[in-house]
Each structure stands twice: as C-alpha cells, then as structure tokens.
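1. Next input, structure requested:
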Amino acid sequence: MDTSSPDLPTLTLPTLALAALAAALPEPRSDPAWTSDMLPGCVAAIRRRPRGDDKRLVAVADALGLDDAELLAVALCMAADRDAQTARALAEAQGPLGGSRPMLGFLANALAPLGGTTAALGCGSAVSSGLLRLGDETAALPERSVAIPLPILAALTGRTMPLEGVRPLDPRTLHLPPAVITECEARAAMMRGRERAGLILRTANPADGQAIAGRIAEALGLKLARIEQDPPPSLAPWLVAAGRMPLFNPVLAPGQRWTVPYLGPFRGPWIVAPGLDGSIDTDEPADEWTPPVPDIDDRTLLWQANGISPSIARQAAERFRHGAGRIAEVASRAQLAASRRGASEPSWADITDGVARGAASLDALARRGDARVDDDALVLPLALREGLERLLDRARVRCTLDEALGPAVRSRYRPGVRALMVGESGTGKTLAAHWLATKLGLPLYRVDLAALTSKFIGETEKNLSAILSAAEHADVLLFFDEADSLFGSRTEVGDAHDRYANAQTNYLLQRIEEFDGIAVLASNSRDRFDPAFSRRLDAILEFPMPEGPARRDLWVAHMGDRHSLTAADFDRLAVSVDMAGGHIRNIVLTAAARARSADRPIAWCDLVPSTREEYGKLGRPAPDLGPC
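-> Residues are numbered from 1 along each chain as shown. Got it, this is the predicted structure:
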C-alpha cells in the first residue's frame, strides 16, 4: 500500500497503529505490500484531511503539539480499549512481561519509523498533558504500560464523561436581551483566533452569567465546563477533545483576589464569572464585561419570550426591574399557575403572585416575609403616612425617574431607593416596610444581621455583597432591622481593629449607595448612624410614639369585631396605656388567648391583666385601669 492507493481515503489512525503493531511482532502479520517506511506519509495524509473520530484526535494532537509517534501511540491505546482482539494481540506480543496495554518499549519499537523512542514517548507532550498516563509499575521506563484516561477516551469517541472536579454544563435555555446576544457574538469574535483569550464576566446572578457564558461558547462552536476545584492533570486534552471551554465561578469578597489556575498546554478561550466583587489576576491580559440590567423594552421582550402576552409583558416590565433569570423564574411559576386553572396563558395575578413568592437566589441568604399589610392595618400620623406615600411613588417610578432631567442627574443616576425608618421599638417600622412591599407587589426579605456579620475579616462584606447582588437581580425589598449595628458611625483609629471596622463601614456605605434595588433600614435612633450615611438615603422617616387619638385607632385596628368593649373603654385604653403599636398587639394577643380559653369574646377583664403583664416585661408600673 502506498500513499496514492485507492484505499487511502478509508485509512484511519487506529488501522495505521495496528499496522505498525503487526510489523513490530516477532512474526510480522501485516500485508506483504505494507512496509513500515510508509508510516510517515500515511500519518501526514491523515493529519491533513482527518475523518470521523480521527478529527477529534488530530485536533487534540495539534492543540497539544504531539508529534506523529505520539499521535499513533494514542491511537493504539484507544484501539486497545475499544477492541478486544487488539487487546489480546498486545497481550500475546508483549508476553510474558506485558499485558493488554502497550508498554513504552514496545511502542518505541513499533513507532521507530516515526522517530519514536522510549524517552520521547515517556516524557513527551502526550504524557505531560495527561492525554496518556503511565502505569504504576516499578519497572524500568520501557516496561511501563501506557493507557488513555477513560474520560478522554469517551470525549475522543463523541461521548461525555466528566473529569473529577469538572462539571460539563449544557445550560438550560434562558432568553437573553437582543443587545446582550449581540454583545456575546462580538465578544466571541474578539476571542476567536487568540490563544488563551480570557473574559471576566461580572453578573449579579449566577444563572445569567452561565447563560451569557454559554452563548459566547456557542458562538465559538464550544460548550461549557465548570472547573470546580484545582484543574486535574488531564484537563487540557479533555477540553479539546470534548469541545469545551472552561468556566470558573469563584465566590469572592470585596477586595479579595483570585488567580486563574494554570491550564497547562490548553490554549483555548476561558471565562471567569466571579460575581460583582473581587479582583482576578491573570498571566495574560483579559477582557472584562459587566452586562447591564435590561431596560424596559428589553424586559418586555424577555417576558414575551417566556410566554407572557404582550400587554401583560409590558406591564410587568414597567412594574418590576428584573433580569433575564428572574423573569424566566417568575414566568415559569405563572405558567404553572395558569395551567392549574386551565387557562391558556398567565394572567396579571399569576405574574404578581409569582413575584411575591420570592426569589430562589435569595432564599438561602435572607428570610422572606409573607405578611401582606393593607392600608387599614397601618395606623400612622398623617405626616408620616404622607412620607410613606412619597417613598412609594419614588419606588414606583425609579426606573424612569431620570428621563427628561438634566445631564448632571442622568450621568450619575442609579435606580436604587434607600430609606431609613427610625423610632422606638413597636412604633410600626416593620409593619410599614411590609406595607411598602405589599403596595409595590414585591417580596420582602429580612436580612438576618446575626448571620450576616462575621468575626473573620472580609466575610461580612462578602455576605452583604452576595445579598445585595442577588436582591438587585431579583428586584425585591430588602429590610435591615437594627441597621445601626451594620452601618454605625466610624470611630477614631486607636488600633488595627478600629482601622478594619472603619474600612468595613466605608465599604458598606459605598455598596449601599451603589445598590440598584429597594432597601429599607430600621433603627431605634438616627444618631447611631455615620453622618455620611444621610446623604446616601432617599428618605428618612421618623416614627414617633403614638399620641392618644393614634393609640385609640391602634386599639380599634387590633381588636377586630369579637369583643365586648364600648367606645368609652377604647377611650380609656388610649388615655391610660401609653404604649406603641407593637406592645398593643402583644396585649391584644394575650387577652385573646384568655378569652379563647373561656370560649367568649374579648372582655375588659381580659385586657387588664394582659396590660399589667406587658408593662411588667418592660419593667414599668402598669396604669390603674380599675376593676374588671
């Protein structure tokens, strides 16, 4: 057979490897027309025009810089694992020392026409890259076996078998804004043809980041593989054989640095999606991209792409400032609710209910409040009520508030809304936050400051950044109770602890100013906050202790209908019980329990001891409410 033979188009690397094996046997079994000096020409012809599985193997060989001897060595190892007759022939040829896997000395002998030697094969790119793996034998190098790792064998034959610490990703379909898709294609064009082209992709939500990375990989003709630990030794050949692009997802705190791991001989593109914080160190310069939050028009298209009618899609886009991942999540819930009702498409109520049920990205970071507070449940002074209404209006128009305003506003405008509610315990701050969330149709997430703060340097900032990033994507109302413990005043620097505390406060003030969502902070005292914090707030609402008329309204709002009190009794309670709404609530609940145990409506005699108990909890003398 020569290189001009009609059989050349059907010649493959495994058959060439088997021919070389047959020629190296003590009693050659090859075709008499075949001579080993034909090997170089045949290998060169196949490398020029590979077919079938040879395409993957040649692509890996070219990417790793394998010579012809290493290429045929890999082909023979593949043949041994794929064909039982080849494995038996190897065992017979190498007996009694060797088994069914080729030994380096045997390979060097068979591939000598291609320049194969024991040292060249044992120390070459195929072994150093992890494409071939030497056996654990303690024998000399010529008598050590060679094998191809199973995940790479699977990849070279068109199958998917992950490496340890590597997760192949086939992202679920997530509709992205047209502008983002166009930018993905442009980013892919910039990466195409460049060796080790890297991209640092910053998104608030991992689902969005993964979908965008998947789009870029698709534009490059690749798929994603998330590297979940230090890169394994065989990563480079596996990535090339499987047609995968590495994606790294480090979780970084503000100011934390992370170095892209060494990928060995892999010269393809890679993406790091670290979130919004931290710095990425690379051996070579990498591009950085932070995709914007979709505008109203793009959000409308995203809602429609997820099966929502055009009219409702526009309404949802104007009402909720959601990203692509969050829109897909809510739309899926709405579709399910519509199907349960037997409806052909989701209604506006299905959308608002899907939003109110919270965001999966935040459920592990904060506690969702399910309370729905209507107007009748919120008893506040007129001036405070008007302040809350203005805050509600600000939150409703925050996405378009800068339109038609001057460049001094538009150049630095951010759609976030930040409000501080101050007042003594029980004056209605938490209730007002739930009322605001109810009116906006957004879920309220209460930040647990005990779980948020950490004694370890950088962890508090990391936790807060994760919550704020997830909240921005999900468009929820974040509620910080006792927020002064987190955003307190900076102190004079006396030691390293003061310096770190001040640095933490500086970061928190800066991050809350850059927050693009809705944040409500509550505290018992305004004086506990750093003076620089006031400028970063859109509203500061004072919750005073209720006066007599307001206390009467609170008693009426809490008591309901099942009681035997008269109007005079309510007047007496309003005058005598000098307490805020939270304490009035406790008294009513305790009195209701007494009445319920006696199976009767709440009576005056239930309220008198309950009031004494509430005053006792506060260490204050109870007023004289007379006999019951």
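
2. Tell me where the stretch 501-628 of the chain has strands.
-> 518-523, 539-543 (DSSP state E, counting those that start in this stretch).

3. okay if I get those strands as CSV plus mean neighbour count, distance to Gly307 and mean pLDDT?
-> Placement of C-beta: from N, CA and C, glycine included. Compiled in CSV, the strands of the stretch 501-628 of the chain are given as follows (neighbours: other C-beta atoms under 10 Å; distance: least, C-beta to C-beta, whole Å; pLDDT from 0 to 100):
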stretch, mean neighbour count, distance to Gly307, mean pLDDT
strand 518-523, 25, 27, 90
strand 539-543, 18, 37, 91
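
4. In JSON lines, list these along with distance to Arg572.
-> As requested, the strands of the stretch 501-628 of the chain are exported to JSON lines (distance: least, C-beta to C-beta, whole Å):
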{"stretch": "strand 518-523", "distance to Arg572": "31"}
{"stretch": "strand 539-543", "distance to Arg572": "25"}
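
5. Show residues contacting the helix or strand hosting Leu18.
-> Per DSSP states H and E: Leu18 is located in helix 13-24. Under the criterion C-beta atoms under 8 Å, 6 or more residues apart in numbering, residues 28-31, 34-36, 39, 42-43, 46, 54, 57-58, 71-73, 75-76, 78-79, 82-83, 86, 89-90, 93, 106, 109-111, 113 lie in contact with helix 13-24.

6. Which of the strands of the stretch 501-628 of the chain sits closest to Ala377?
-> Ala377 sits nearest to strand 539-543 of all those, at 15.3 Å, using C-beta to C-beta.

7. Next, the angle from the closest one to strand 518-523.
-> Regarding strand 539-543 and strand 518-523, their directions subtend 40 degrees when assessed with axes from the mean of the first three to the mean of the last three C-alpha atoms, to 10 degrees.

8. From the rest of the structure, what touches strand 539-543?
-> With contact meaning C-beta under 8 Å, 6+ apart, strand 539-543 is reached by 380, 384, 387-388, 390-391, 394, 419-424, 427-429, 432, 526, 534.

9. which ones among these are found in helices?
-> 384, 387-388, 390-391, 394, 429, 432 (DSSP state H).

10. Out of the residues you listed, which end up buried?
-> Buried by 16 or more other C-beta atoms under 10 Å: 384, 387-388, 391, 429, 432, out of those.

11. and of those residues, the nearest to Ala371?
-> For these, the minimum distance to Ala371 (C-beta to C-beta) is 11.6 Å, reached by Ala432.

12. Contacts for the strand or helix carrying Ala337 next, please.
-> Assigned by DSSP H and E, Ala337 falls within helix 324-341. Helix 324-341 has contacts (C-beta under 8 Å, 6+ apart) with 174-177, 180, 205, 207-208, 211, 294, 299, 302-303, 306-308, 316, 320, 322, 344-347, 350-351, 353-355, 357, 359-361, 473-475.

13. The stretch 201-350 of the chain: helices as residue ranges?
-> 206-219, 235-242, 296-305, 310-319, 324-341, 348-356 (DSSP state H, counting those that start in this stretch).

14. Kindly reformat those as JSON lines containing distance to Pro151.
-> Listed next are the helices of the stretch 201-350 of the chain as JSON lines, based on distance: least, C-beta to C-beta, whole Å:
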{"stretch": "helix 206-219", "distance to Pro151": "19"}
{"stretch": "helix 235-242", "distance to Pro151": "6"}
{"stretch": "helix 296-305", "distance to Pro151": "36"}
{"stretch": "helix 310-319", "distance to Pro151": "44"}
{"stretch": "helix 324-341", "distance to Pro151": "30"}
{"stretch": "helix 348-356", "distance to Pro151": "40"}
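
15. Out of those, which is closest to Glu185?
-> helix 206-219 (5.1 Å).

16. quick one, that closest one and helix 324-341 angle?
-> 110 degrees.

17. and helix 206-219, how far out from the chain's middle?
-> 12 Å (C-alpha atoms, centre = their mean, to the nearest Å).

18. again, but for stretch 438-445
-> On C-alpha atoms, centre = their mean, the centre of stretch 438-445 falls 23 Å from the chain's centre.

19. Identify all contacting residues around it.
-> Contacts for stretch 438-445 (C-beta under 8 Å, 6+ apart): 319-320, 352, 355-359, 362, 365-369, 371-374, 392, 395-396, 433-434, 437, 471, 475-479, 518.

20. what sits against the residue sitting nearest the centre point of the chain?
-> In the chain, the C-alpha nearest the mean C-alpha coordinate belongs to Pro206, at 2.3 Å (C-alpha atoms, centre = their mean). Contact analysis of Pro206 by C-beta under 8 Å, 6+ apart lists 249, 273, 275, 361.

21. ok now do Ser208, which residues does it touch?
-> One thing to correct before we go on: residue 208 is Asp, not Ser. 174, 291, 323-325, 473.

22. coming back round to it: quick one: list the elements packing against whichever helix or strand comes after the helix holding Leu18.
-> Note on helix 13-24: by DSSP H and E, the next helix or strand toward the C-terminus is helix 39-48. Packing partners of helix 39-48 (3 or more C-beta pairs under 8 Å, 6 or more residues apart in numbering; DSSP states H and E): helix 13-24, helix 53-64, helix 68-82.

23. So what angle separates the directions of the second one and helix 68-82?
-> So that's helix 53-64. 140 degrees.

24. Return the distance of the residue nearest to the centre of the chain relative to Gly416.
-> 21 Å (C-beta to C-beta, to the nearest Å).

25. Quick one: low-confidence residue ranges for the stretch 351-500 of the chain.
-> For the stretch 351-500 of the chain, the stretches with pLDDT under 70 are 450-451, 453-458, 487-500.

26. where do the helices sit along it?
-> 360-363, 382-396, 407-410, 429-440, 449-452, 459-474, 496-514.

27. could these go into TSV alongside distance to Ile584?
-> Shown next, in TSV, are the helices of the stretch 351-500 of the chain (distance: least, C-beta to C-beta, whole Å):
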stretch	distance to Ile584
helix 360-363	32
helix 382-396	17
helix 407-410	43
helix 429-440	12
helix 449-452	26
helix 459-474	32
helix 496-514	32
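
28. Figure out which of those helices is closest to Leu589.
-> Closest to Leu589 of these, according to C-beta to C-beta: helix 429-440, at 14.8 Å.

29. coming back round to it: selecting buried members of the contacts of helix 324-341 in ChimeraX, what would you type?
-> Entered in ChimeraX, the line below selects the buried ones among the contacts of helix 324-341, by 16+ other C-beta under 10 Å:
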select :174,175,176,177,180,205,207,208,211,294,299,302,303,306,308,316,320,322,346,347,350,351,353,354,355,359,361,473,474,475
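
30. quick revisit: from the buried ones among the ones in helices among the contacts of strand 539-543, which is closest to Ser129?
-> Once C-beta to C-beta is applied, the member of these that ends up nearest Ser129 is Leu391, at 60.5 Å.

31. was I right about the closest one contacting Asp538?
-> Yes: assessed by C-beta atoms under 8 Å, Leu391 is found in contact with Asp538 at 7.4 Å.

32. what do these two both touch?
-> By C-beta under 8 Å, 6+ apart, the residues touching both Leu391 and Asp538 are 417, 419.

33. Ala108 against Gly115, yeah?
-> No: under the criterion of C-beta under 8 Å, Ala108 makes no contact with Gly115, lying 9.8 Å away.

34. More neighbours: the two, which one.
-> The neighbour comparison of Ala108 against Gly115 (other C-beta atoms under 10 Å) goes to Ala108, with 23 against 13.

35. Please give the element, helix or strand, for that one.
-> Following DSSP H and E, the helix or strand that holds Ala108 is helix 104-110.

36. helices or strands next to that helix in the packing?
-> With contacts taken as 3+ C-beta pairs under 8 Å, 6+ apart, helix 104-110 sits against helix 13-24, helix 68-82, helix 84-94, helix 118-122.
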